[in-house]
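Q: Quick one: sequence and predicted model below, then my questions.
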Amino acid sequence: MESTDMHSRLWFAAYTRSRHEHCVAQQLRMKEVEHLLPTYERVARWSDRVKRSRAPLFPGYLFVHVADAERVRVLQTDGVVNLVSRAGKAVPLSAGEVELLRVCCSQAHSIEPHPYLKIGQRVRVKHGPFCGWEGTLLEKQNSRRLVIAIEQIMKAVAINIDGVDIEAV
């Protein structure tokens, strides 16, 4: 591997072909490219058995720690489509985002993917006494609770509801 100053390396998100995350991670390991592939324990239930497996937490993405000169090695890896970019320039992850990814990698048994929801987005309640109601996501209180406005009564009423009980409209 080329000698590179560790401080010139940054973390980037690499976009992969569908269902190629593990294959890309294996190739990067062989190329000695530092990378993170956060996974979670997925449980599949059939009528006759239950199967546990690890699946990518962020399907279609893994994260690489490279210097400018090493980006080409990543892009030449079979299954890598591109580095996540804005205006044609690869966008590095912040130190805080990298730390969150490291925590995710160490907690595969206690995390799972969740649809991305943002403030101002229309949502629908999937479960519970407010099932079927639609509203606007107003704020996130700690990571386990959401507050949405219910517009059906033509008032600005907010309810606390678990994030797993709502979906994007």
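A: Right, received. Where do you want to start?
Q: ok, now how distant is C104 from G88?
A: Applying C-beta to C-beta, to the nearest Å, the value for C104 to G88 is 29 Å. Just so you know, the C-beta spots here come from the backbone N, C-alpha and C atoms, and that holds for glycine as well.
Q: Looking at these two, which one has more neighbours?
A: C104 (18 against 5; other C-beta atoms under 10 Å).
Q: Give me the neighbour count for the closest residue to R17 other than its chain neighbours.
A: Leaving out its chain neighbours, the residue that sits closest to R17 by C-beta to C-beta, 6 or more residues apart in numbering is G79, at 5.0 Å. Neighbours of G79 under the rule other C-beta under 10 Å: 19.
Q: With the one 4 residues further on instead?
A: A count of nearby residues for L83, using other C-beta under 10 Å, gives 18.
Q: mind checking pLDDT for it?
A: Looking at L83, its pLDDT is 96.
Q: The nearest residue to it once chain neighbours are set aside and Y15, how far apart?
A: Nearest non-adjacent residue to L83, counting by C-beta to C-beta, 6+ apart: A90, 4.1 Å away. Distance from A90 to Y15, counting by C-beta to C-beta: 11 Å.
Q: Would you confirm that the residue nearest to L83 contacts V72?
A: No. The pair A90 / V72 is not scored as a contact, 11.8 Å apart, by C-beta atoms under 8 Å.
Q: ok, these two, which is more surrounded?
A: A90 (18 against 10).
Q: Could you tell me the per-residue confidence at the more buried one?
A: Taking A90 on its own, its pLDDT is 94.
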